[in-house]
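Novice: Quick one, what's the 3D model for this:
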Amino acid sequence: MQATARKIQSDKEPIGFLGTQSPFPRKLSPVSDERVIDICECVMDIVAAVFNVSGKELRRPGRSSTEVARVRQMGMYVAHVVLRLSMNDIGRGFGRDRTTVLHACHTIEDLRDDEDFDRIIHMTEQVTAAAFRHMEVLR
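Specialist: Predicted coordinates:
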């Protein structure tokens, strides 16, 4: 893994690309289930559009093709790092378990050692941050 300040911390404050803090304020209160689902739906729509993957496939319960699973993992990672959602919240929003989200975040973080993949994730982080820029995501 690269010697950068990036970290995935279970349900602690995530640190984004190259150690930068998320553009959103620290989470102060729990997010309602309905709000979490709406936020995660938006993230799934963003990654589906960016990577030309079926939104229906991303939302399908159970196992998916490697391509679809990787895009879903990227969505989970971005929701955690950029939007600062907890792994439990992301699990509920994506219809997965918290440990699945933890695995996804670690997998994406490890893949960021590749410069090309890192650029792709950075671009996805920027698109997501821009999409949620004017929203109070965590209140």
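Novice: So, low pLDDT: which residues of this protein?
Specialist: 1-31, 136-139 (pLDDT under 70).
Novice: Which stretches in it count as strands?
Specialist: Using DSSP state E, no strands are found in the chain.
Novice: Could you export the top helix by length along it as CSV, CA atoms only?
Specialist: Ordering each helix of the chain by length in residues (DSSP state H) puts helix 33-51 first. Taking Å, rounded to 0.1, in the frame of the first residue of the first chain, the C-alpha atoms of helix 33-51 are listed here in CSV:
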residue,chain,number,x,y,z
ASP,A,33,-32.8,5.4,7.5
GLU,A,34,-34.9,7.1,4.8
ARG,A,35,-32.2,9.8,4.3
VAL,A,36,-29.4,7.2,4.1
ILE,A,37,-31.3,5.2,1.5
ASP,A,38,-31.8,8.4,-0.6
ILE,A,39,-28.1,9.4,-0.4
CYS,A,40,-27.0,5.9,-1.3
GLU,A,41,-29.4,5.7,-4.2
CYS,A,42,-27.9,8.9,-5.5
VAL,A,43,-24.4,7.5,-5.1
MET,A,44,-25.4,4.4,-7.0
ASP,A,45,-26.9,6.5,-9.8
ILE,A,46,-23.7,8.5,-10.0
VAL,A,47,-21.4,5.5,-10.2
ALA,A,48,-23.8,3.7,-12.6
ALA,A,49,-23.7,6.7,-15.0
VAL,A,50,-19.9,7.3,-14.6
PHE,A,51,-19.0,3.7,-15.3
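Novice: Cool, thanks, talk later.
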